[in-house]
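A.B. asks: Sequence first, predicted model second:
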Amino acid sequence: MKALYNIMLTLVIIGAINWGILGLFKMDLIGSIFGGMTSTISRIIFVLVGLCGLGAIALYGPINEEERSHS
């Protein structure tokens with residue numbers, strides 16, 4: 001399960017960096033690397049990042065329980 005969370009976190013970070021670059025420089029890094037926003041591989045990466053973002057919602061439970069156990 002830890003490996004899955006690490007993969008999810010990595011993809012969420014990639015998505016956040018891509019959004020930051022898009023906001024600051026109007027450049028889509030993922031699209032630039034993989035042949036444009038409409039290329040199949042770019043769209044797959046965008047979908048994976050989005051799914052990992054949704055999956056990261058599940059991390060709130062373990063984080064909150066860990067905080068309670070340390071209090």
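C.D. replies: Now that the structure is in, tell me what you want to look at. Remember, predicted model here, so these are calculated numbers, not experimental data.

A.B. asks: Show me which positions of the longest helix belonging to the chain end up buried.
C.D. replies: Determined from DSSP state H, the single longest helix within the chain is helix 2-25. For helix 2-25, the neighbour count (16 or more other CB atoms under 10 Å) marks Met8, Leu11, Val12, Ile14, Gly15, Asn18 as buried. (Each C-beta comes from the backbone N, C-alpha and C, glycine too.)

A.B. asks: tell me the contacts of the most centrally placed residue in the chain?
C.D. replies: Centrality entry for the chain: nearest residue to the mean C-alpha point is Val12, 1.5 Å, by CA atoms, centre = their mean. Residues in contact with Val12 (CB atoms under 8 Å, 6 or more residues apart in numbering) are Val49, Cys52, Gly53, Ala56.

A.B. asks: I'd like to know which of the residues you listed are buried.
C.D. replies: Among the contacts of Val12, those classed as buried by 16+ other CB under 10 Å are Val49, Cys52.

A.B. asks: Met37 against Leu22, yeah?
C.D. replies: No - counting by CB atoms under 8 Å, Met37 does not reach Leu22; the two are 10.3 Å apart.

A.B. asks: what is in contact with those two at once?
C.D. replies: Each of Asp28 lies in contact with both Met37 and Leu22 under the rule CB under 8 Å, 6+ apart.

A.B. asks: quick revisit: now the element after the longest helix of the chain, going C-ward?
C.D. replies: Using DSSP states H and E, the helix or strand that directly follows helix 2-25 along the chain is helix 29-34.

A.B. asks: residues making contact with that following helix?
C.D. replies: Ile14, Ile17, Asn18, Ile21, Leu22, Met37, Ser39, Ile41, Ser42, Ile45, Phe46.

A.B. asks: Quick one: mean pLDDT over it.
C.D. replies: Across helix 29-34, pLDDT averages out at 94.

A.B. asks: before we move on, back to that, what about the contacts of Val12, which are in strands?
C.D. replies: Using DSSP state E, the subset of those located in strands is empty.
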